[in-house]
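Colleague: here's a sequence, model it:
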Amino acid sequence: MTERVLAVDGGNSKTAMALVDLDGRVLAQVRGPGASPQNIGLDRSLEVFEGLAREVARRAGLPAGEPIAAHTAAYLAGADLPREEDDLRAAIGARGWSATTVVGNDTFALLRAGTADGIGVAVVCGAGINCVAVAPDGRVHRFPALGRISGDWGGGAHLGSEALWLAARADDGRGEPTALLDAVVAHFGTTTLAEAVELLHFGEVGFDPNELCPLLFEVAAAGDAVARAVVDRLVEEVALLARVSLARLGLLAEPVDVVLGGGVLTGAGNAVVDAVRARLPVPADRVRVVDVPPVVGAALLGLDALGAGPAAETRLRAAYREPAAVGGR
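Modeller: Coordinates of the predicted model:
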């Protein structure tokens, strides 16, 4: 069987899969809904993954019943603790997609996507927030990333909820005046915030707190002090995650890479990224926003496991930087 990698980037909001050969060519790829086991349960997650895996095999023209790949590299939101990784590895391995399977947290895929060797620190801020670090000698530092019960602060859902909370308090006098109030009312298309709150209370309007996250950044960029304070708090949290990880691995004095990713950070703009850079003890040019999707990192980790050479990495990265070159879209 031709050596292929089935790469899986399973986030909270979407799942991306790519089938890649040992030369770094993308044979097919597919996207689907988020399928974090923590959100929808293991059984439903596996149903989503199975459907996408079979679709990517179909798009690649593989005969029915043939193993999809030699190796599955699945990096998933919701694989936060060793027990979760073990359960997912066993469940995915039992699907028979490939001879070998590795499951890890999706932040490791971000780290590999943003580095040449998977060494350094990655901070992801999407629906949630997380950070992992890998030292040159292989030591790893990570956080549980289970939400407030494990000390987390940040993520799109958290920030969006904060924007609504601050608008509500500005409206009823408990909080400081803020342009978030008018912005949130406009978002819901109501006359007053009280009307929006009533609609939310009775479930008469759909609402995902992530929707308000871009609004928060827009209001902050326009100079609103209340919104700006929340963004500044996020900047400090992102930098804190990286600094703690560097300290725990003894890398504070080393010029390591710090990779930033996730929908919140990639969409936040240069001012936010520059503020993070200013708070980190590494050269500014080593702090970067990832320029390829995390599924590329998952594929690269899979290619590393199969012993692919640097030419495969170059070809794979080029394909995702030039979307028209990627097959199976």
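
Colleague: residue ranges of the helices in the stretch 151-300 of the chain, please?
Modeller: 156-172, 180-188, 193-201, 213-221, 225-248, 263-266, 270-278, 294-306 (DSSP state H, counting those that start in this stretch).

Colleague: need the ones you listed in JSON lines with mean pLDDT, distance to Val56 and mean neighbour count, can you?
Modeller: No exception for glycine: its C-beta is placed from N, CA and C like everyone else's. Converted to JSON lines, the helices of the stretch 151-300 of the chain look like this (pLDDT from 0 to 100; distance: least, C-beta to C-beta, whole Å; neighbours: other C-beta atoms under 10 Å):
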{"stretch": "helix 156-172", "mean pLDDT": "97", "distance to Val56": "27", "mean neighbour count": "21"}
{"stretch": "helix 180-188", "mean pLDDT": "98", "distance to Val56": "36", "mean neighbour count": "20"}
{"stretch": "helix 193-201", "mean pLDDT": "97", "distance to Val56": "38", "mean neighbour count": "16"}
{"stretch": "helix 213-221", "mean pLDDT": "97", "distance to Val56": "30", "mean neighbour count": "22"}
{"stretch": "helix 225-248", "mean pLDDT": "98", "distance to Val56": "33", "mean neighbour count": "20"}
{"stretch": "helix 263-266", "mean pLDDT": "93", "distance to Val56": "23", "mean neighbour count": "23"}
{"stretch": "helix 270-278", "mean pLDDT": "95", "distance to Val56": "33", "mean neighbour count": "16"}
{"stretch": "helix 294-306", "mean pLDDT": "97", "distance to Val56": "11", "mean neighbour count": "26"}
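
Colleague: which one of the ones you listed lies nearest to Pro136?
Modeller: Closest approach to Pro136 among those (C-beta to C-beta): helix 225-248, 12.6 Å.

Colleague: quick one: that closest one to helix 156-172, angle?
Modeller: Helix 225-248 runs at 150 degrees relative to helix 156-172, counting by axes from the mean of the first three to the mean of the last three C-alpha atoms, to 10 degrees.

Colleague: tell me, what residue is most central in the chain?
Modeller: Gly262 (4.2 Å; C-alpha atoms, centre = their mean).

Colleague: now that residue: closest residue in space that isn't a chain neighbour?
Modeller: Distance criterion C-beta to C-beta, 6 or more residues apart in numbering; nearest residue to Gly262, sequence neighbours excluded, is Gly126 at 3.5 Å.

Colleague: residues touching that neighbour, list them.
Modeller: Gly126 makes contacts with Gly11, Asn12, Ser13, Gly155, Gly156, Gly261, Gly262, Gly263, Val264, as judged by C-beta atoms under 8 Å, 6 or more residues apart in numbering.

Colleague: do you know the pLDDT at it?
Modeller: Note for Gly126: predicted pLDDT of 91.

Colleague: same check on Leu42?
Modeller: 85.

Colleague: any idea how far Asp106 is from Glu162?
Modeller: 24 Å (C-beta to C-beta, to the nearest Å).

Colleague: and what of Asp208?
Modeller: Per C-beta to C-beta, Asp208 is found 14 Å from Glu162.

Colleague: report the contact partners of the closest residue to Leu252 other than its chain neighbours.
Modeller: Closest residue to Leu252 apart from its sequence neighbours, by C-beta to C-beta, 6+ apart: Leu246 at 4.9 Å. Going by C-beta under 8 Å, 6+ apart, Leu246 touches Val121, Ala133, Leu252, Glu254, Val256, Pro281, Val282.

Colleague: quickly note the distance from Leu246 to Thr314.
Modeller: Counting by C-beta to C-beta, the gap from Leu246 to Thr314 is 29 Å.

Colleague: show me where this structure has strands.
Modeller: 4-10, 14-21, 26-33, 69-76, 98-105, 120-125, 129-134, 140-142, 258-261, 287-289 (DSSP state E).

Colleague: point out the most buried one among the ones you listed.
Modeller: Ranked by mean neighbour count, these are led by strand 120-125 with a mean of 30 (mean count of other C-beta atoms under 10 Å).

Colleague: hey, what's the residue lying closest to Arg59 once chain neighbours are set aside bridged with?
Modeller: Among residues not flanking Arg59 along the chain, Ala28 sits closest, at 3.7 Å (C-beta to C-beta, 6+ apart). On the basis of DSSP bridges, Ala28 is bridged to Leu19.

Colleague: cool, Thr101 as well?
Modeller: The partner residues for Thr101, given DSSP bridges, come to Thr72.

Colleague: verify the stated contact: it with Arg89.
Modeller: Yes - Thr101 is in contact with Arg89 according to C-beta atoms under 8 Å; the separation is 5.7 Å.

Colleague: re the thing from before, the residue nearest to Arg59 contacts Ala53, doesn't it?
Modeller: No - using C-beta under 8 Å, Ala28 is not in contact with Ala53, being 10.7 Å away.

Colleague: from Glu198, how far off is the residue nearest to Thr192 when sequence neighbours are not counted?
Modeller: The spatial neighbour of Thr192 that comes closest, neighbours along the chain excluded (C-beta to C-beta, 6+ apart), is Val185 at 6.5 Å. To Glu198, Val185 is 13 Å away according to C-beta to C-beta.
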